[in-house]
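# sequence first, predicted coordinates after that:
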Amino acid sequence: MSALNSLKLVTSKKHQTVAPIVHRRNKLCAKLHEQLELCEAQQAGKTYAPTRLKTFVNKQTGERITAETIKRVKEWFWIGDTGKINLAVKYGAKTLTLNKKTKANAIELNSGEELINTLKSLKVAVLNGDLDEAISEVSEATRIAFIK
């Protein structure tokens, strides 16, 4: 009992849900991590093929089967007309507007190394909440599209 006396005891309750903006940040951060892994694999001359578990029903037996399949990861970057790399940040299928004034939706980069560094800094920016407004706009537009 003396061990408990030396500790600070409080009454606390764990929250079951996460704030929606924090959930969106985490979702975007996970996708940025996938893009980072994809870039690093391409730079090393390897392929990046993450796996996921997929559950489906066997039509003949009616049995539910869980199988590990390769997850398709689309690149968010491409070589532009000027020969430089363009990077668009996506939330779901929509591209985020990175600057409201100029309506810029892509980042122009010179090299693959700069692309990797930019993805790392974007990940930090998302966790700090710098893209919260853009994420909320895209999320709201997606939500409105489902309402009929």
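Ah, there it is.

# just give me the residue right at the centre of this protein.
Nearest residue to the geometric centre of the chain (CA atoms, centre = their mean): residue 31, 2.3 Å.

# how much space is there between that residue and residue 128?
To residue 128, residue 31 is 17 Å away according to CB to CB, to the nearest Å. Every C-beta, even on glycine, is put in place using the N, C-alpha and C of the backbone.

# ok, now residue 9?
Where residue 128 is concerned, residue 9 sits at a distance of 33 Å (CB to CB).

# now do the strands in this protein.
51-57, 64-70, 77-79, 85-87, 90-91, 94-95, 107-109 (DSSP state E).

# do you know which of the ones you listed lies nearest residue 38?
strand 77-79 (9.1 Å; CB to CB).

# so what strands line up beside that closest one?
When pairs are called by DSSP bridges, strand 77-79 turns out to pair with strand 85-87 (antiparallel).

# got a list of contacts for the partner strand?
Identification of contacts with strand 85-87 by CB atoms under 8 Å, 6 or more residues apart in numbering yields 76-80, 106-112, 114-115, 118-119.

# and these, which is closest to residue 13?
Nearest to residue 13 among the contacts of strand 85-87, counting by CB to CB, is residue 119 at 37.0 Å.

# gap between the closest residue to the closest one other than its chain neighbours and residue 46?
Using CB to CB, 6 or more residues apart in numbering and skipping the chain neighbours, the partner closest in space to residue 119 is residue 36 (4.5 Å). Distance, residue 36 to residue 46, using CB to CB: 14 Å.

# which one's more surrounded, the two?
Neighbour count, other CB atoms under 10 Å: between residue 36 and residue 46, residue 36 has more, with 19 against 9.

# got a list of what the more buried one touches?
Residues in contact with residue 36 (CB under 8 Å, 6+ apart) are 116, 119, 120, 123.

# burial count for the first one?
Just to be clear, that refers to residue 116. Using other CB under 10 Å, residue 116 has 17 other residues around it.

# just to check, it is in contact with residue 42?
No: taking CB atoms under 8 Å as the definition, residue 116 is not a contact partner of residue 42, at 9.9 Å.

# pass me the low-pLDDT residue ranges in the chain, would you?
1, 148 (pLDDT under 70).

# tell me how far residue 95 lies from residue 136.
In terms of CB to CB, residue 95 sits 15 Å off from residue 136.
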